[in-house]
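Asks: Sequence first, predicted coordinates after that:
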Amino acid sequence: MFEKDITRTLAKKLGKTYKEVEGFLEQPQDSSFGDISFPCFVVAKEQKRSPSELAAQLKKSIALPKGIENIESSGPYLNFFIDYSSLAETIFQETRRKKSKFGHTNKGKGEVVVIEFSSPNIGKPFGIAHLRSTVIGNSLSNIYASQGYKVERVNYLGDWGTQFGNLMCAFQMWGDEKELKKNSIRHLLSLYIKFHAEAEKDEALKKKGKEWFVRLEGGDKKAKGMWKKFCGLNLKEFKRIYHLLNIKIDHTIGEAFYEPMLKKTIEFYRNKGLLKESDGALILEYPDLPPAIVQKKDGTTIYLTRDLAAAKHRRDIFKFKKMLYVADARQTLHFQQLFKALEIAGFKWARQCEHVPFGVMKFKGEPLATRKGFIFLEDVLLKAVSKVESIIDEKNPSLGHKEEVARQVAFGAVIYWDLNSDRVRDVVFDLDQVLNFEGDTAPYIQYTSARLSSILAKASPPRRVDSFLLNSQEEKKIIGSLAKFESVIWDAKMHNKPHLLTNYLSALAQECNNFYNKHPVLVNEKDLRAARLHLIFAARQVLINGLSLLGIHSPFQM
RNA sequence: GGGCCCGUAGCCUAGUCUGGAUAGGGCGACUGCCUUCUAAGCAGUAGGUCGAGGGUUCAAAUCCCUCCGGGCCCA
């Protein structure tokens, strides 16, 4: 915010370009050193003098840039101190004016971003491992949308493939119509598990499963009917969970949708001379990547082929500026091959496609495979809700809207848990950790916002405010953090990393707790009270807006 | 065999892209704090060879090289 003026002032003084100076500015970890600092080492070396001497001389000779109230030299550093009262005034005005839109911008106006996420295989129920792509994709979608981009949220369902053959085969042998009606998802899962267990011992069963899929591909009526039924049941279930979790999706498109386009797609690549026959299969060859199969020797296609068709189709209908694939890191090579194939086919927009990888979710060292143990997302959510309910009964039994608050807090905790570390890292599912509501968690942030709300329920900020009264360390820290909100959202967008936002919100919540534990808001001095009310109004708005970008609600009481 | 990602206290984790002042948090442990805006909180104590070694630099958790450990992909 104030870096620009500082940079300009320094650049002029030192005879350097704006860009050269800009790269040097940094923020000290310890705020007692100042808010923005300029290390003098490099410039001092060029001028063949000592860094601390340069710092001291600069302190004396430069005029105060806009928004800066003091400059100090501290050894080799030149430290700038922000004028917090004018900064606070700007923020208070903006939060009151923009409210839930504070932090939002129009930087992405006119650009379409397609975000493919969640993309579950609907042959299986919604497991805890599906959460990753779902919540990362959802929050990235919110983040892009907040910056003015037109976001198309695409859920690319796995609704095709041998697993459906297996499922049909299993249903024919052990299925129960009544049970399917009553308890569809669990019944289908038990069939799925049983099939894999049996197939391990019995090769013939595997073959049968494949045969059912061949029937499906061939358009067999009975197979198609079963496929539609299973997909419908599972999809209904998935939609229910998305609704619960506040996940917004614009387009639900299955792999099956692209089936009719595959022949054309293969022809297209063949005509370009990009396909090679190898052992009966059709492959794409690359100079710097392993070859990729487009069509197997039995004539069936694999997901690369469908992805090629899907990418082209989406480009045609959305004219996107960018397309993100939020998918786990094991698929890195697949996406490299996909993007490269689009590129060598001559699609310039191939460079606008990006894989947003995330680490694998593991369970006690084992990957969370459906076949062995399976953790239903919903079971985790229900456990979280019941734990929150018992905490409410203990701490705040008279709370209104108990069930709604319990859901918001519980779901917040689960979502936040998944988003809170850099997405590239693997995560180990540990129920105790997921159900921890203390410290760096969503409930902590929600609690902070609820505490602020309850103060604001007793008194609202008046029109006039003297923000120079906010001069404690605690107050200044909050003001400084609030000023950064917009750039944090932008960083999260640039890197496609929602955890930058969780880190920020948790730090801000902590600052708020430090503040209201030390300084009462509802004091008798009218002006101080007004200033503090403005401060917490703004802080609460940022907490609410930030959580909302993550897909998490902020209850007013809890 | 080729390639990608990760390694920071007992556990989880930020900081690594863009090098900068005593490496931030959280969980767990321990000591205090509910007659004052919600104790899902606050104040404090203990806990670190930033995987190892080398290099670049005035300055390295951060950049480069080698190795070790873990995960993954391709063959």
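Replies: Here it is on my side, so go on.

Asks: ranges for the helices of the stretch 351-500 of chain A?
Replies: Counting by DSSP state H, counting those that start in this stretch, one finds helices in the stretch 351-500 of chain A at the ranges A:377-395, A:402-419, A:431-434, A:442-458, A:473-495, A:499-518.

Asks: what's the burial count for the residue of chain A found nearest RNA strand B?
Replies: Using Cβ to the nearest atom of the strand, the closest approach of chain A to RNA strand B is made by residue A:439 at 2.0 Å. C-beta: built from backbone N, CA, C; applies to glycine. Using other Cβ atoms under 10 Å, residue A:439 has 9 other residues around it.

Asks: how much space between it and residue A:506?
Replies: Noted for residue A:439: a distance of 8 Å to residue A:506, by Cβ to Cβ, to the nearest Å.

Asks: and if you look at residue A:378?
Replies: Distance from residue A:378 to residue A:506, by Cβ to Cβ: 27 Å.

Asks: How about residue A:306?
Replies: 40 Å.

Asks: Check what contacts stretch A:295-311 and list those residues.
Replies: A:156, A:160, A:217, A:253, A:255, A:258-259, A:261-262, A:264-266, A:269, A:279-282, A:284, A:292-294, A:323, A:334, A:337-338, A:341-342, A:353 (Cβ atoms under 8 Å, 6 or more residues apart in numbering).

Asks: Quick check: PyMOL command selecting the buried ones in these.
Replies: The buried residues among those can be selected in PyMOL (16 or more other Cβ atoms under 10 Å) with this line:
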select buried, chain A and resi 156+160+217+253+255+258+261+262+265+266+269+281+282+284+292+293+294+323+334+337+338+341+342+353
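
Asks: quick one: which of the contacts of stretch A:295-311 sit in strands?
Replies: Members of the contacts of stretch A:295-311 lying in strands (criterion: DSSP state E): A:156, A:253, A:281, A:282, A:284, A:292, A:293, A:294, A:323, A:353.

Asks: so which two of those are the farthest from each other?
Replies: A:281 and A:323 (27.7 Å; Cβ to Cβ).

Asks: list the buried ones in the helix or strand where residue A:228 lies?
Replies: In the assignment (DSSP states H and E), residue A:228 maps to helix A:221-244. Applying a neighbour-count criterion of 16+ other Cβ under 10 Å, the buried positions in helix A:221-244 are A:223, A:226, A:227, A:230, A:231, A:233, A:234, A:235, A:237, A:238, A:241, A:242.

Asks: For burial, what's the neighbour tally of residue A:126?
Replies: Neighbours of residue A:126 using other Cβ under 10 Å come to 23.

Asks: hang on, the earlier thing: between residue A:306 and residue A:506, which is the more surrounded one?
Replies: Applying other Cβ under 10 Å to residue A:306 and residue A:506 shows that residue A:306 carries more neighbours, namely 23 against 20.

Asks: what about the more buried one, is that helix, strand or coil?
Replies: helix (DSSP: H, G, I helix; E, B strand; the rest coil).

Asks: So which elements touch the helix holding residue A:228?
Replies: Packing contacts for helix A:221-244, counted by 3 or more Cβ pairs under 8 Å, 6 or more residues apart in numbering; DSSP states H and E, involve helix A:162-174, helix A:184-201, helix A:203-217, helix A:377-395.

Asks: hmm, try it at 7 Å
Replies: Other helices and strands packing on helix A:221-244, by 3 or more Cβ pairs under 7 Å, 6 or more residues apart in numbering; DSSP states H and E, are helix A:162-174, helix A:184-201, helix A:203-217.

Asks: quick one, which of the ones you listed is packed in tightest?
Replies: helix A:162-174 (a mean of 21; mean count of other Cβ atoms under 10 Å).

Asks: Now do that helix against helix A:184-201, angle only.
Replies: 90 degrees (axes from the mean of the first three to the mean of the last three Cα atoms, to 10 degrees).

Asks: List of residues touching the helix or strand immediately after helix A:162-174 in the chain?
Replies: Where DSSP H and E defines the elements, the next helix or strand beyond helix A:162-174 is helix A:177-182. Contacts to helix A:177-182, defined as Cβ atoms under 7 Å, 6 or more residues apart in numbering, come from residues residue A:187.

Asks: Show me what counts as buried in helix A:177-182.
Replies: Neighbour-count burial for helix A:177-182 flags residue A:180 (criterion: 16+ other Cβ under 10 Å).

Asks: No more questions from me, cheers.
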